[in-house]
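*Asks:* after the sequence you'll find the predicted model.
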Amino acid sequence: MPDRPLEVTIPTQLIDMRTPVDKAILVGAPERELDPRVADEHLDELARLTDTAGGRVVGTLRQRLAHPNPRLYIGEGKAEELRELVQSTPADLVIFDEELSPAQGKNLEDLLGVRVLDRSELILDIFATRARSREARLQVELAQLEYLLPRLRRMWSHLSRIRGGIGLRGPGETQLETDRRLIGTRIADLKTKLRDVAKAREVQRRSRQGQFRAALVGYTNAGKSSLLRTLSGADLFVEDRLFATLDSATRTVDLGSGYSALVTDTVGFIRKLPHHLVASFRSTLEEAREADILLHVIDGSHPDWEEQRQVVREVLEDLGLREAPRLMVFNKTDRLTHAEEEALRARVRSLETHPAVFVSALVPASLDALRETLRARMRARLAQVVIRLDVADGESLAALYRQGEVLDRAEEDGVVVVTVRLPRAYVDRLVEGGADVHEVA
C-alpha cells in the first residue's frame, strides 16, 4: 500500500502573545483654587505616567472640588457620568490623579465594575517594572507592601486575576494567598535586608572620603541621566519617559585642570510622590546627604518648571537637606529660543535663590560653565600650602601631584619646595605624619 503524503493543517488564526494593554480613563479632581492651566498639566502628567506604565488613555474626566466626597471622592453625579463613560469605551481601568482611601477605591470599583487605581498605585507599579538592581527591587517591594496592607480587602480581588496589568505587577503576583501577618513578616524581612544594604553603602561612602562628590537631584525626566552620561562619557540608559531609571549610578567626571569629581545620579522626584517610596529609597538618597554639593537639575524648557522646582525643594527638606549647598542646573536650553532663554535667566535672577548655570546635555560645550563652577567649589575647600621634601623622596612628591594641584615647584640645596592646593583632610594627615607643611595665608 503506497505511503500517503503527510497532511499538515495550518491554523487560520494566530494566537496573540503580546501583553494586553490596559485601556484607562483618567480622572482629575483638583481643588477649585488650583489654576486651571496647572490642573490640565497635572492630568497631562498622569497621562505620561500611564504611558510609562504601558497603558493607553481612552478617556478623561474632570471635576473641580471644594472638598472630596468621603464615599466616592468625586460627586455622586460625576461618578454616574464616569460610569457611563466606562460603559461607552473599551476601558478596563480608571486612574485617579488624587490618592483614594481604601473605602473610596472599593466603592468606586463596585459602582464602575472595573479596576480603580490612584496616582500612588500607578507610580508604585512603574517603580516595580523599572527597578533593576537588587536594592531598588527591595525598596519598591517594601513600598508596595506597605501601601497594600490597609487595602487588602480590595486588592485581593485584583490579585486573584490571572493576567497582569497596571497595578497588578511586582510583589503582588507572589502574594496571592497572603494575609496581614505574612505581609507584616515580609515587611520586617525587607527592612532588615535594606539595613544590610545601607551598611554596605556606608562602607562605599567611607572609601570615597576625601573625594569631591556631587549628587544630581531633580524632577523626573529633567535630564539627570543624560547630563551624567555627557559629563562622564559613560554609557548610561536614557529614555524620554517619566522614571526611565531608578537605580542610582556614580561616575567619575573629569572637570579639567587636573580636577575630577564623583557624580551620582539619584531617583527622580515627582509631585505627590508616595511617602512609602520616599521612606524606602532613603538609603539611596543618602548619597545626596553625603554630597559636597547638590546639582538640582531643572527642565528649563518646561512651562511649569517653577512648580517642579518647588516639589524637589520640599522633598529635599523632608530628607533634612534644606541647608545643603546647592547649584541649580537648568537643562534642555537647546529647546529654547534665544529670547526664551534670556527670559528664563531673568526670571531665575529675580528669585534670588541658589546660583544657577544653563546647559544642554545634548550640547557638550554648554557644560563648560558647570565644570568651571564645580572646579571653583573644589578650590574653595582646598588649602594652599608650601611643603618641603627631600629631593630623593619621589614617592611623596608623586602623591602631591595625585592628591592636589601643584602650583609651583623649586629646588633649594637638596630640598624640593612645592606650593600645592590639597584637601584639608590630606593636609592634616601630612601634618600628623611630621611633614614640613606651611599654609599660605
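*Replies:* Sure thing, it's come through. Numbering: from 1, shown residues only.

*Asks:* in space, what's closest to residue 81 - neighbours in sequence excluded?
*Replies:* residue 61 (6.9 Å; CB to CB, 6 or more residues apart in numbering). C-betas here are computed from N, CA, C, even on glycine.

*Asks:* same question, residue 270
*Replies:* That would be residue 220: by CB to CB, 6+ apart, it lies 5.1 Å from residue 270.

*Asks:* hmm, back to that, what does whichever helix or strand the residue nearest to residue 81 is part of contact?
*Replies:* Using DSSP states H and E, residue 61 sits in strand 56-62. By CB atoms under 8 Å, 6 or more residues apart in numbering, the residues outside strand 56-62 that reach it are 21-29, 39, 43, 47, 50-51, 78, 81-82, 85, 89-91.

*Asks:* following element in sequence after that strand, please.
*Replies:* Remark: after strand 56-62, the chain's next helix or strand is helix 76-88, criterion DSSP H and E.

*Asks:* cross-check the contact I'm expecting between the residue nearest to residue 270 and residue 243.
*Replies:* Yes: using CB atoms under 8 Å, residue 220 is in contact with residue 243, at 5.2 Å.

*Asks:* would you mind grabbing the residues shared as contacts by those two?
*Replies:* Contacts common to residue 220 and residue 243, judged by CB under 8 Å, 6+ apart, are 268, 270.

*Asks:* which of these two has more residues huddled nearby?
*Replies:* residue 220 (27 against 21; other CB atoms under 10 Å).

*Asks:* which parts of the stretch 51-200 of the chain are strands?
*Replies:* Remark: strands assigned in the stretch 51-200 of the chain by DSSP state E, counting those that start in this stretch are 56-62, 93-96, 115-118.

*Asks:* can you dump the C-alpha atoms of the second one in CSV for me?
*Replies:* Backbone C-alpha positions of strand 93-96 (Å, rounded to 0.1, in the frame of the first residue of the first chain) are rendered in CSV as follows:
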residue,chain,number,x,y,z
LEU,A,93,-9.1,50.7,34.3
VAL,A,94,-9.8,54.0,35.9
ILE,A,95,-6.9,56.1,37.3
PHE,A,96,-7.4,59.0,39.7
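
*Asks:* which other helices and strands contact that strand?
*Replies:* Applying 3 or more CB pairs under 8 Å, 6 or more residues apart in numbering; DSSP states H and E, we find strand 93-96 packed against strand 23-28, strand 115-118, helix 119-130.

*Asks:* please name every helix or strand in contact with the first one.
*Replies:* When contacts are defined as 3+ CB pairs under 8 Å, 6+ apart, strand 23-28 sits against helix 36-52, strand 56-62, helix 76-88, strand 93-96.

*Asks:* for the record, mean pLDDT for the shortest one?
*Replies:* Per-residue confidence for strand 93-96 averages out to 96 on the pLDDT scale.

*Asks:* list the contacts of the closest residue in space to residue 308 that isn't next to it in sequence.
*Replies:* Distance criterion CB to CB, 6+ apart; nearest residue to residue 308, sequence neighbours excluded, is residue 219 at 4.0 Å. Counting by CB under 8 Å, 6+ apart, residue 219 touches 268-270, 298-299, 308-309, 311-312.

*Asks:* could you tell me which of these belong to strands?
*Replies:* Among these, DSSP state E puts 298-299 in strands.

*Asks:* quick one: the contacts of residue 219 as a markdown table, columns for distance to residue 135, neighbour count and pLDDT too.
*Replies:* Listed next are those as a markdown table, based on distance: CB to CB, whole Å; neighbours: other CB atoms under 10 Å; pLDDT from 0 to 100:
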| residue | distance to residue 135 | neighbour count | pLDDT |
| --- | --- | --- | --- |
| 268 | 17 | 23 | 83 |
| 269 | 18 | 21 | 85 |
| 270 | 20 | 22 | 85 |
| 298 | 27 | 24 | 96 |
| 299 | 27 | 21 | 96 |
| 308 | 26 | 21 | 92 |
| 309 | 28 | 22 | 94 |
| 311 | 24 | 19 | 91 |
| 312 | 22 | 22 | 91 |
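
*Asks:* of the contacts of residue 219, which belong to helices?
*Replies:* 308-309, 311-312 (DSSP state H).

*Asks:* find the nearest non-adjacent residue to residue 439, please.
*Replies:* Per CB to CB, 6+ apart, closest to residue 439 is residue 385, 5.0 Å.

*Asks:* for that neighbour, helix, strand, or coil?
*Replies:* Of the three states, residue 385 takes strand under DSSP: H, G, I helix; E, B strand; the rest coil.

*Asks:* right, and it touches residue 438 too?
*Replies:* Yes: with contact defined as CB under 8 Å, residue 385 reaches residue 438; the gap is 6.4 Å.

*Asks:* same drill for the two, tell me which one is more crowded.
*Replies:* Taking neighbours as other CB under 10 Å, residue 385 and residue 438 compare with residue 385 leading, 22 against 10.

*Asks:* which strand residues bridge the closest residue to residue 436 other than its chain neighbours?
*Replies:* In this structure, residue 436 finds its nearest non-sequential neighbour in residue 388, 4.2 Å apart by CB to CB, 6+ apart. Listed by DSSP bridges, the beta-bridge partners for residue 388 are residue 417, residue 436.

*Asks:* per-residue pLDDT of residue 388, please?
*Replies:* Reading off the model, residue 388 has pLDDT 90.

*Asks:* cool, and residue 61?
*Replies:* 95.

*Asks:* tell me, how many residues neighbour it?
*Replies:* Neighbours of residue 61 (other CB under 10 Å): 19.

*Asks:* just to revisit the earlier point, okay, the strands of the stretch 51-200 of the chain in JSON lines with distance to residue 381 next?
*Replies:* What follows is the strands of the stretch 51-200 of the chain, written out as JSON lines (distance: least, CB to CB, whole Å):
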{"stretch": "strand 56-62", "distance to residue 381": "49"}
{"stretch": "strand 93-96", "distance to residue 381": "47"}
{"stretch": "strand 115-118", "distance to residue 381": "45"}
